[in-house]
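Colleague: sharing a sequence plus its predicted fold:
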Amino acid sequence: MSDAAAFDLVIRNADIATAADRFTADIGVRDGRIAALGSGLARGVSEIDAGGRLVTPGGVDSHCHLDQDTGDDSVMADDFLSGTVSAACGGTTTVIPFACQQKGKTLREAIDTYHQRADTRAVIDYAFHLIVTDPTAHVLERELPQLVEEGYTSFKIYMTYDALKLNDRQIIELLALARVHGAMVMIHAENADCIAWLTEALLEEGITAPIGHALSRPMLAEREATHRAISLAQLVDTPVLIVHVSGREAIEQIRWAQGHGLAVYAETCPHYLLLTEDMLEDGPRGYQCICSPPPRDEGNRQAVWDGLVNGTFQVLSSDHAPFRFEGPHGKQVAGENPRFDQVPNGIPGLETRMALLMSEGVMNGRIDIHAFVALTATNAAKLYGLYPRKGSIAIGGDADLVIWDTDRAFTLTNDALHHNVDYTPYEGWQMKAWPALTLSRGDVVWDGVQPSGTRGRGEFLPALRPQPAQPHRPLNPRIDTHRVLPRFAFPAVYRG
Ligand code: DUC
Ligand code: ZN
Ligand code: ZN
């Protein structure tokens, strides 16, 4: 910083919106952090005139898959470079992808592998969730406690997929461990046996087209698993977060739990707000829209919007799971016109997540700007131990910011995106806004035309034990006391 300048950067005349407040101010940035908010701030080495445009915290996308192993010949199209570049262009400045344990291997091996993939490539900051697929005594007693200490404070577990799923007993053990160590458990809730039985029945009937995917994974399978996940969490009195919730019946379970005072959090994704299952009827688009749970019917789509508006959902993530449509390693890994059950599950969405919610949610009048910020940034930062360093615009927090162009009506095309996927499910969508500028720790990583983050500049964020992962009550006193959460200090200020 030059002697005469008070800040490295000053952003002038910003219409700042956080999850709680809205005010006009200049933002002074020093050493990548917000050092001052006020009017008429002293000079910065560089200056940006926001010109009264809306400025929100950079997005925290807390559910996205980057360079994740798949278990077959399919390959994720985005690694930590293309994925994070694409995220930055869409206004996201923090990602929390997954380090996935392979059955028979340790979690430490997974962490080492995913750090190797991320550390020299990411252009924005990142933390990791652990996917626990093999909760051996070694994993539960030795690895997880140590990894929580090191900043891996959230685990995803699956109730479906043979290579990933845990049985109820394993889920209980993991929930009990999360309770003791103060970690957040994310649950993919679909009933594996219902899906397997229906898949077999559909294939016997000769139904192999993409719509079979939706038929084999009905709402009932998601509702049952959501109910079971909540019951297991209640048994152990451990907070849980149900990921990628797709429709009414699962929402009803979550509302019931929340209404009974249980710490059950929920996430949904743009595709459940905007896509419907009839899109699986039609050729290439059908394959492109295969994700789990599947998009559902119009009534469910509306129910997901209602859940966003009434506070059932705390988080809107992308669940970016990037597979190309063309070529031998994407959606058609099993050949041309594959059976629905041989298609990799997942759709891209890292870059479009925030602008879709801004356009369809805020600018269409369904939610206010504070809910937008909470859903896209603040709540995820809190739920996963990154707050207040990430997720807000506050003194001491990282200068992760988005300056919005809300006058920009345009038609979305995949050509304009920066991911490495050859389609977007939102091709032709009428957009009303897009980030004009994205800053990560004060560095411009997207200037409205070009991405500009350098490879490897992203920092790993060791996560704190999330405050919302604290159990509400002591366990039944007759249960072994070592399972009762020790008193952790929850620092008020992120020190990672
Ligand atoms: N689950 C995810 O979390 N992402 C993509 C597909 C899936 O089944
Ligand atoms: Zn999942
Ligand atoms: Zn996912």
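Modeller: Received, thanks. Residues are numbered from 1 along each chain as shown. Ligands and ions are numbered 1, 2, ... in the order given.

Colleague: so how far is the helix or strand of the chain with the lowest mean pLDDT from its chain's centroid?
Modeller: Lowest by mean pLDDT, DSSP states H and E among the helices and strands of the chain is helix 137, with a mean of 91. Taking CA atoms, centre = their mean, to the nearest Å, one finds helix 137 lying 29 Å from the centre of the chain it belongs to.

Colleague: which residues are in contact with that helix?
Modeller: Under the contact criterion CB atoms under 8 Å, 6 or more residues apart in numbering, helix 137 has no outside partners. C-betas here are computed from N, CA, C, even on glycine.

Colleague: what's next to the helix or strand that comes right after it, contact-wise?
Modeller: Once helix 137 ends, the next helix or strand along the chain (criterion: DSSP states H and E) is helix 144-149. Here helix 144-149 makes contact (CB under 8 Å, 6+ apart) with 107, 108, 111, 130, 132, 155, 177, 181, 182, 183, 465.

Colleague: so which elements touch the next helix or strand after helix 144-149?
Modeller: Using DSSP H and E, the helix or strand that follows helix 144-149 in sequence is strand 154-158. With contacts defined as 3 or more CB pairs under 8 Å, 6 or more residues apart in numbering; DSSP states H and E, the packing partners of strand 154-158 are strand 129-131, helix 168-181, strand 184-188.

Colleague: what angle do strand 154-158 and strand 184-188 make?
Modeller: 20 degrees (axes from the mean of the first three to the mean of the last three CA atoms, to 10 degrees).

Colleague: those residues of this protein touching ligand 1, which are they?
Modeller: 65, 188, 244, 291, 292, 319, 321, 345, 346 (CB under 6 Å from any ligand atom).

Colleague: Provide a list of residues in contact with residue 65.
Modeller: 76, 97, 98, 319, 320, 321, 322, 346.

Colleague: how many neighbours does the fifth one have?
Modeller: The number of residues packed around residue 320, counting by other CB atoms under 10 Å, is 29.

Colleague: about what we covered before: worst mean pLDDT among the helices and strands packed on strand 154-158?
Modeller: Across the helices and strands packed on strand 154-158, helix 168-181 has the smallest mean pLDDT, namely a mean of 94.

Colleague: now that helix and strand 154-158, what's the angle there?
Modeller: 170 degrees.

Colleague: residues in contact with helix 168-181: which ones?
Modeller: 132, 135, 140, 144-145, 148, 155, 157, 159, 166, 183-185, 187, 228-229, 232-233, 235-238, 240, 465, 469, 471, 475, 482-486.

Colleague: narrow those to just the buried residues.
Modeller: Using 16 or more other CB atoms under 10 Å as the burial test, the contacts of helix 168-181 include 132, 135, 140, 144, 148, 155, 157, 159, 166, 183-185, 187, 228-229, 232-233, 236-238, 240, 465, 469, 471, 475, 484-485 as buried.

Colleague: which strand of this structure spans the most residues?
Modeller: strand 7-17 (DSSP state E).

Colleague: now the next helix or strand after it: buried residues?
Modeller: Elements were assigned by DSSP H and E; along the chain past strand 7-17, the next helix or strand is strand 22-30. Going by neighbour count (16+ other CB under 10 Å), the buried part of strand 22-30 is 25, 26, 27, 28, 29, 30.

Colleague: then stretch 59-72?
Modeller: Result for stretch 59-72 [16+ other CB under 10 Å]: buried residues 59, 60, 61, 62, 63, 64, 65, 66, 67, 68, 70.

Colleague: stretch 390-400 too?
Modeller: Buried, per 16+ other CB under 10 Å, within stretch 390-400: 390, 391, 392, 393, 394, 397, 398, 399, 400.

Colleague: so how far is that stretch from its chain's centroid?
Modeller: The answer for stretch 390-400 is 19 Å, by CA atoms, centre = their mean.

Colleague: so who does the spatially closest residue to residue 16 that is not a sequence neighbour touch?
Modeller: Distances taken as CB to CB, 6 or more residues apart in numbering place residue 55 nearest to residue 16, at 5.1 Å, with adjacent residues excluded. Contact analysis of residue 55 by CB under 8 Å, 6+ apart lists 11, 14, 15, 16, 17, 27, 393, 401, 402, 403, 404.

Colleague: any idea which of the residues you listed is closest to ligand 1?
Modeller: For the contacts of residue 55, the residue nearest ligand 1 by CB to the nearest ligand atom is residue 402; the value is 24.9 Å.

Colleague: number of nearby residues for that closest one?
Modeller: 29.

Colleague: please apply the same query to residue 111.
Modeller: Count around residue 111 with other CB under 10 Å applied: 18.

Colleague: secondary structure element holding it?
Modeller: Assigned by DSSP H and E, residue 111 falls in helix 107-118.

Colleague: show me which residues of that helix are buried.
Modeller: Neighbour-count burial for helix 107-118 [16+ other CB under 10 Å]: 107, 108, 110, 111, 113, 114, 117, 118.

Colleague: which elements pack onto that helix?
Modeller: Using 3+ CB pairs under 8 Å, 6+ apart, helix 107-118 sits against strand 98-100, strand 129-131, helix 144-149.

Colleague: would a markdown table of these with distance to residue 250 be doable?
Modeller: Output for those, formatted as a markdown table (distance: least, CB to CB, whole Å):
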| stretch | distance to residue 250 |
| --- | --- |
| strand 98-100 | 21 |
| strand 129-131 | 20 |
| helix 144-149 | 27 |
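
Colleague: of all the ones you listed, which lies closest to residue 313?
Modeller: strand 129-131 (18.0 Å; CB to CB).

Colleague: centre of the chain versus the following helix or strand past the helix holding residue 111, how much separation?
Modeller: Past helix 107-118, further along toward the C-terminus, the next helix or strand under DSSP H and E is strand 125-126. Relative to the chain's own centre, strand 125-126 is displaced by 12 Å; criterion: CA atoms, centre = their mean.

Colleague: ranking the helices and strands packed on strand 154-158 by burial, who's on top?
Modeller: Mean neighbour count, computed with mean count of other CB atoms under 10 Å, is highest for strand 184-188 among the helices and strands packed on strand 154-158, reaching a mean of 26.

Colleague: which residues are in contact with the next helix or strand after that strand?
Modeller: The first helix or strand that comes after strand 184-188 along the chain, using DSSP H and E, is helix 192-204. For helix 192-204, contacts defined as CB under 8 Å, 6+ apart pick out 159-162, 165, 208, 212, 215-218, 220-221, 224, 339-341.

Colleague: got a quick PyMOL command for the buried subset of those residues?
Modeller: Filtering these down to the buried ones (16+ other CB under 10 Å) takes a single PyMOL command:
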select buried, resi 159+160+165+212+215+216+217+218+221+224+339+340+341
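
Colleague: the contacts of helix 192-204 in helices, which ones?
Modeller: Per DSSP state H, helices hold the following members of those: 212, 215, 216, 220, 221, 224.

Colleague: for residue 450, state which of those residues is nearest.
Modeller: Nearest to residue 450 among the ones in helices among the contacts of helix 192-204, with distances taken as CB to CB, is residue 212, at 41.8 Å.

Colleague: okay, the nearest residue to the closest one once chain neighbours are set aside: pLDDT?
Modeller: Among residues not flanking residue 212 along the chain, residue 340 sits closest, at 3.9 Å (CB to CB, 6+ apart). Here, the pLDDT recorded for residue 340 equals 98.

Colleague: residue 340 contacts residue 208, doesn't it?
Modeller: Yes. With contact defined as CB atoms under 8 Å, residue 340 reaches residue 208; the gap is 6.2 Å.

Colleague: just checking, next helix/strand downstream of the helix or strand hosting the residue nearest to residue 16?
Modeller: Residue 55 belongs to strand 54-57 when assigned by DSSP H and E. Scanning forward in sequence from strand 54-57 by DSSP H and E, the next helix or strand is strand 59-61.

Colleague: partners of that following strand in the sheet?
Modeller: strand 92-95 (parallel) (DSSP bridges).
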